[in-house]
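Q: how would this look folded up:
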Amino acid sequence: MVDVAALSLPTLSEYHDPSLPAPVPSGASAGETEAWCRTHYRSYQHIWRVDFQLLEEMPLSPRPMSISRQIVVEPGYYSNGLIRAAHDHCYFCYSLSGAGTFWNEQGVSPVPAGSGFLMEVNDPRTGYRSEPNAAIPWQFLAFEFTGLAARALVRDLTARYGALFALGMQAPILQRLQSYETKNYAVVHPHAVDGAEMVIELLLALAASARVLKEPDAAQDLVKRAMQLIEEHAESVFSVTDLAQRLGVSRERLARVFRLRLNLSPHQIIQEQKIRRACFLLKDTGMPIKQIAAHLGYTDYTNFIRAFRQVMQITPHEFHLRGSIQFPRRVSQTSTNEPRLPLAGKNK
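A: Have a look, this model is predicted:
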């Protein structure tokens, strides 16, 4: 059994990529919190609720806390991050009927049936409420979960796609969450791996739904077709001009799309693919280096040596003797602000 208290886990603020927006530390006064508590808990009812207690902790992994179906029964139902500053978990709310309202720094948005919002409950810039004069009471699924990895994923996901998501009611993860209705008011004890898988399934489903709606496909399809052609022609003379002609686009458009999607030029990708193929030939065959260069379409042997050193930082001969086929990370794609888990830290 892992002693969670003894782990001295890092906080999300220590982990967080500073290039992404972070919740602003703040909180409501004691009087405001007391007034909210007096009205909030009588303004809604649980139709059903299930709580999770994991059989074994994996402290850094996503962990489900509760799943419930709720209905608003009085006007004035609301919550926000100022009121809940002491809480550090995440919350996904999915409208089943009626509609709610969600707000954050990007504005105020309705949350009709078939959509939901994702948030960290202690983010003071966010909140939600019922519609005051709604003809149909707001009913929703409320899924609470926590864990350092979960909060980091939620923050990345909402920074990229926003907090609002459209997800069909027949989505497998929603069916899975609603299946807990049969265990009403129970405490269930999933294995830590199963609990983490549930949270991750939800976040991936939300990301997939947002990606379809918010990311254009034309550029992505062009890059996919280009990468396939580059792979097919790795062992022949194949220039950026040849690639653009095969794709039916200009060199300029191809360069723009590659820079946008990969932060690299088409020439760099073609060269990397050829050198990658050269690495396998050097390790797995007895071909001489000059023969490999010619096999890959290099008419000038010195150009091959120069390209190999540029990509691998060693010569082909040195690679043949002691190199690894684990390709180096592209410096141009690595952010200096990449978040890393510190070895030690404090819980909030």
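
Q: check contacts around Ala166.
A: Gly114, Ser115, Ser209, Leu213 (Cβ atoms under 8 Å, 6 or more residues apart in numbering). The way it works is simple: take the backbone N, C-alpha and C, and place the C-beta from them, glycine included.

Q: next one, pLDDT for it please.
A: Looking at Ala166, its pLDDT is 93.

Q: what are the bridge partners for it, then?
A: Ser115 (DSSP bridges).

Q: coming back round to it: would a markdown table of the contacts of Ala166 with neighbour count be doable?
A: A markdown table is the format used below for the contacts of Ala166 (neighbours: other Cβ atoms under 10 Å):
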| residue | neighbour count |
| --- | --- |
| Gly114 | 14 |
| Ser115 | 19 |
| Ser209 | 17 |
| Leu213 | 10 |
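
Q: out of the residues you listed, who's nearest Arg63?
A: Distance to Arg63 across those (Cβ to Cβ) is lowest for Ser209, with 23.1 Å.

Q: for the closest one, give its distance to Leu167.
A: 5 Å (Cβ to Cβ, to the nearest Å).

Q: please apply the same query to Ser179.
A: Ser179 sits 16 Å away from Leu167, going by Cβ to Cβ.

Q: also Val193?
A: According to Cβ to Cβ, Val193 and Leu167 sit 24 Å apart.

Q: what about the two, which has more around it?
A: Comparing Val193 with Leu167 by other Cβ atoms under 10 Å, the one with more neighbours is Leu167, at 19 against 13.

Q: the more buried one reaches Ser115, doesn't it?
A: Yes - in terms of Cβ atoms under 8 Å, Leu167 counts as a neighbour of Ser115; the distance is 7.2 Å.

Q: compute the first-to-last residue distance for stretch 59-66.
A: Stretch 59-66 has an end-to-end distance of 17 Å (criterion: Cα to Cα, to the nearest Å).

Q: hmm, I was thinking of stretch 280-300
A: 20 Å.

Q: can you check stretch 130-137 too?
A: Start and end residues of stretch 130-137 are separated by 8 Å (Cα to Cα).

Q: so what's the gap between it and the chain middle?
A: In terms of Cα atoms, centre = their mean, to the nearest Å, the gap separating the centre of stretch 130-137 from the centre of its chain is 33 Å.

Q: next one: stretch 272-280
A: Remark: stretch 272-280 is offset 30 Å from the chain centroid, using Cα atoms, centre = their mean.

Q: cool, and stretch 177-196?
A: Stretch 177-196 sits 24 Å away from the centroid of its parent chain (Cα atoms, centre = their mean).

Q: mind listing what's buried along it?
A: Buried residues in stretch 177-196, counted by 16 or more other Cβ atoms under 10 Å: Leu177, Gln178, Tyr180, Pro190, Ala192, Gly195, Ala196.

Q: what about the residue nearest to Gly323 when sequence neighbours are not counted, neighbour count?
A: Leaving aside its sequence neighbours, Gly323 sits nearest to Ile314 (Cβ to Cβ, 6 or more residues apart in numbering; 6.2 Å). Per other Cβ under 10 Å, the neighbour tally for Ile314 reads 14.

Q: also Ala134?
A: Residues lying near Ala134 (other Cβ under 10 Å) number 13.

Q: likewise Ser239?
A: Other residues near Ser239 number 14, with proximity taken as other Cβ under 10 Å.

Q: contacting residues around the nearest residue to it once chain neighbours are set aside?
A: Using Cβ to Cβ, 6+ apart and skipping the chain neighbours, the partner closest in space to Ser239 is Ile270 (7.7 Å). Residues near Ile270 by Cβ under 8 Å, 6+ apart: Ile230, Phe238, Ser239, Val240, Leu243.

Q: which residues of the stretch 201-348 of the chain fall in helices?
A: Under the criterion DSSP state H, counting those that start in this stretch, the stretch 201-348 of the chain contains helices at 218-232, 240-247, 251-262, 266-284, 289-295, 301-312, 316-322.

Q: buried ones in the fourth one?
A: Residues 266, 268-275, 277-279, 281-282 are the ones in helix 266-284 that count as buried (16+ other Cβ under 10 Å).

Q: contact partners of stretch 313-328?
A: 272, 276, 278-280, 282-283, 289, 292, 304-305, 308-309, 311-312.

Q: CA atoms only: put that stretch into CSV for me.
A: Output of stretch 313-328 as CSV, limited to C-alpha atoms (Å, rounded to 0.1, in the frame of the first residue of the first chain):
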residue,chain,number,x,y,z
GLN,A,313,25.2,14.8,-34.8
ILE,A,314,27.6,12.0,-35.7
THR,A,315,29.0,10.6,-39.0
PRO,A,316,27.6,7.4,-40.7
HIS,A,317,30.7,5.5,-39.8
GLU,A,318,30.4,6.5,-36.1
PHE,A,319,26.7,5.6,-36.1
HIS,A,320,27.5,2.2,-37.6
LEU,A,321,29.9,1.5,-34.8
ARG,A,322,28.0,2.8,-31.8
GLY,A,323,24.9,4.7,-32.8
SER,A,324,21.3,4.0,-31.7
ILE,A,325,18.2,4.0,-34.0
GLN,A,326,16.3,6.0,-31.4
PHE,A,327,15.9,9.2,-33.4
PRO,A,328,16.9,12.5,-31.7
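
Q: now it: mean pLDDT?
A: Per-residue pLDDT values across stretch 313-328 average out to 81.

Q: and it, how far out from the chain's middle?
A: Offset of stretch 313-328 from its chain centre (Cα atoms, centre = their mean): 33 Å.
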